[in-house]
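Chemist: Turn this into a model:
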Amino acid sequence: MGSDLSIWKEIQDSVSKDAVTISYNRAGIGLSEAGGETITNNSVSHQLITLLEKTRCPKPYIMVGHSMAGIYLRRFIKNNEKDITGVVFVDAAHPLQMKMASPKLLKSVSVPPTSLIKFIMNTGLYRLIFSFTSFPPEVPVNHPINIQQKKFFYLSFDGTMKEAKNDKSNFEDAQQVSSFGNIPFAVITGTSAIRTKGFKDESIKKEYQELVASLQADFLKLSTDSWLVKAEKSGHVIQASEPQIIVGQIRKVLAMKK
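Modeler: From the prediction side, this is the model:
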């Protein structure tokens, strides 16, 4: 939902002691200008490789991606496999998650109508909401990530909605990338019950928990050198609750590169 690059600050502060690090906002997110093109996995891949080349980011790369990066990064990894020495997925989206969810579950996790969100944005109500609650629930109200969302989510709103319009085709495209070869691949998933805090229906909660567990385990098929890491105190935003787990897995992959 439009988190900007600041979500990686604590992790970068630590990892940058051992490696060059880069985080970025996709087009239309945060302070990145929106592009005119449709958001596709290929367009995101092209923009990212352009960024890495223009900044002369040293190769090989370790790709670290959260949430929708599980969709966008597949094409990038496939297109640049020779330059990638490791991948870390942080509670990443799976191409089958919408197809495998029941209509009842999809309705439970759907976002409000765009018109309502625009009203909340334009009236400033969202700043008031973020003053008393956080999104998602595992991020404390006073955490820098939530404060950043409160101050700057309006910059990412249009870009986020534009991305969402092409979700279906991007999820289908991501399915076509079925292997990362033997690239070292860490799959981190949040297993705390806090991620289902908003569900009132126990059957929906159970379905969601089982679906997440199944799809996160399915990621392991992408590489012959993969492993699953459970962040037991985290929900979806592991960067906020257990950043040290992400740092540890990046360092593990770095050590394998050496």
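Chemist: Pull out the buried residues from stretch 12-26.
Modeler: 12, 14-15, 21, 24-26 (16 or more other Cβ atoms under 10 Å). Quick note: C-beta positions are derived from backbone N, CA and C, even for glycine.
Chemist: again, but for stretch 24-42
Modeler: 24-30, 32, 39-42.
Chemist: Most widely separated two among those?
Modeler: With Cβ to Cβ as the measure, no two of the buried residues of stretch 24-42 lie farther apart than Gly30 and Asn42, at 21.9 Å.
Chemist: which two in the buried residues of stretch 12-26 are spaced the farthest apart?
Modeler: Ser14 and Arg26 (23.4 Å).
Chemist: Which parts of this protein are strands?
Modeler: 61-66, 84-90, 185-190, 226-231 (DSSP state E).
Chemist: now those in CSV, with mean neighbour count and distance to Leu211?
Modeler: As requested, the strands of the chain are exported to CSV (neighbours: other Cβ atoms under 10 Å; distance: least, Cβ to Cβ, whole Å):
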stretch, mean neighbour count, distance to Leu211
strand 61-66, 22, 18
strand 84-90, 24, 16
strand 185-190, 24, 12
strand 226-231, 17, 16
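Chemist: Quick check: nearest residue in space to Ser169, chain neighbours excluded?
Modeler: Distances taken as Cβ to Cβ, 6 or more residues apart in numbering place Thr40 nearest to Ser169, at 7.2 Å, with adjacent residues excluded.
Chemist: doesn't Asp173 make contact with the one you found?
Modeler: Yes - using Cβ atoms under 8 Å, Thr40 is in contact with Asp173, at 7.1 Å.
Chemist: Where does pLDDT dip in this structure?
Modeler: Scanning the chain for pLDDT under 70 picks out 1-2, 258.
Chemist: one step back: out of the buried residues of stretch 24-42, who's nearest Tyr61?
Modeler: Of the buried residues of stretch 24-42, the one sitting nearest to Tyr61 (Cβ to Cβ) turns out to be Tyr24, at 12.8 Å.
Chemist: What separation do you get for the closest one and Ile84?
Modeler: Tyr24 is 16 Å from Ile84, where distance means Cβ to Cβ, to the nearest Å.
Chemist: what does Pro243 give?
Modeler: Taking Cβ to Cβ, one finds Pro243 at 23 Å from Ile84.
Chemist: Can you give me every residue that contacts the residue nearest to Ser169?
Modeler: Thr40 makes contact with 166, 169-170, 173, according to Cβ atoms under 8 Å, 6 or more residues apart in numbering.
Chemist: Check Ala164 too.
Modeler: Val111.
Chemist: what do you get for Gly181?
Modeler: Contacts for Gly181 (Cβ under 8 Å, 6+ apart) come out as 81, 223-224.
Chemist: Now the buried members of these.
Modeler: Of the contacts of Gly181, these count as buried by 16+ other Cβ under 10 Å: Ser223.
Chemist: Just send the contacts of Gly181 back as TSV, with distance to Val253 too.
Modeler: Shown next, in TSV, are the contacts of Gly181 (distance: Cβ to Cβ, whole Å):
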residue	distance to Val253
Glu81	15
Ser223	11
Thr224	15
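Chemist: and which of the contacts of Gly181 is nearest to Leu155?
Modeler: Out of these, the member with the shortest distance to Leu155 (by Cβ to Cβ) is Glu81, at 33.3 Å.
Chemist: and the gap between that closest one and Glu242?
Modeler: 29 Å.
Chemist: Make a markdown table out of the buried residues of stretch 24-42 and add distance to Arg56.
Modeler: Shown next, in a markdown table, are the buried residues of stretch 24-42 (distance: Cβ to Cβ, whole Å):
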| residue | distance to Arg56 |
| --- | --- |
| Tyr24 | 14 |
| Asn25 | 19 |
| Arg26 | 20 |
| Ala27 | 21 |
| Gly28 | 25 |
| Ile29 | 23 |
| Gly30 | 22 |
| Ser32 | 19 |
| Ile39 | 26 |
| Thr40 | 26 |
| Asn41 | 25 |
| Asn42 | 23 |
